[in-house]
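Student: the sequence and its predicted three-dimensional model are supplied below.
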Amino acid sequence: MLGYVTIGTNNIEQARTFYGALLAELGMRELFDNERLYFFGDNPQGPFVVVGGPYDKQAASVGNGMMVALKCADNAKIDAMHAKALELGATDEGSPGERVPNMFYGAYIRDLDGNKICFYKMG
């Protein structure tokens, strides 16, 4: 079971605003922080999407081949999440659609720092 995933940013206030609005669409909210990392979820026990700056205080960078996938209830929610992310300033990295017939429906974006995010549904 996934506990949390951390998404690095070089502009924490911009990222908090982006992820606050985007993750609210999945019923998540900012639950707590430690002044460097901001934890979003729907339950204080997790799992969480964490946004923040790197521990070593170096610049955050996008990992090649690294992606965060956020599970959605249905295709309509995936379509809405993709549209909301673009509205918030994300870039399109793959429009909503079936990737594996009758198995995987997904949409892809790059957040404001260039991190790749997928919204998906299996089955």
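Tutor: Ah, there it is.
Student: now the helix or strand harbouring residue 7: average pLDDT?
Tutor: Here residue 7 sits within strand 4-8, counting by DSSP states H and E. Mean pLDDT, strand 4-8: 96.
Student: from residue 6, how far off is residue 107?
Tutor: Per Cβ to Cβ, to the nearest Å, residue 107 is found 22 Å from residue 6. Using the backbone N, CA and C atoms, a C-beta is placed for each residue, glycine as well.
Student: between those two, which has more neighbouring residues?
Tutor: residue 107 (26 against 16; other Cβ atoms under 10 Å).
Student: which elements pack onto the top strand by length along the chain?
Tutor: Counting residues, the longest strand in the chain under DSSP state E turns out to be strand 91-100. On a contact count with 3 or more Cβ pairs under 8 Å, 6 or more residues apart in numbering; DSSP states H and E, strand 91-100 meets helix 75-87, strand 104-110.
Student: burial count for residue 85?
Tutor: Residue 85 has 26 nearby residues by other Cβ under 10 Å.
Student: what residues of the helix or strand harbouring residue 13 count as buried?
Tutor: In this assignment (DSSP H and E), residue 13 forms part of helix 12-24. In terms of neighbour count (16 or more other Cβ atoms under 10 Å), helix 12-24 has its buried residues at 12, 15-16, 18-20, 22-23.
Student: over to stretch 60-72?
Tutor: Neighbour-count burial for stretch 60-72 [16+ other Cβ under 10 Å]: 60, 70, 72.
Student: again with stretch 79-93
Tutor: Neighbour-count burial for stretch 79-93 flags 79-82, 84-85, 88, 90, 93 (criterion: 16+ other Cβ under 10 Å).
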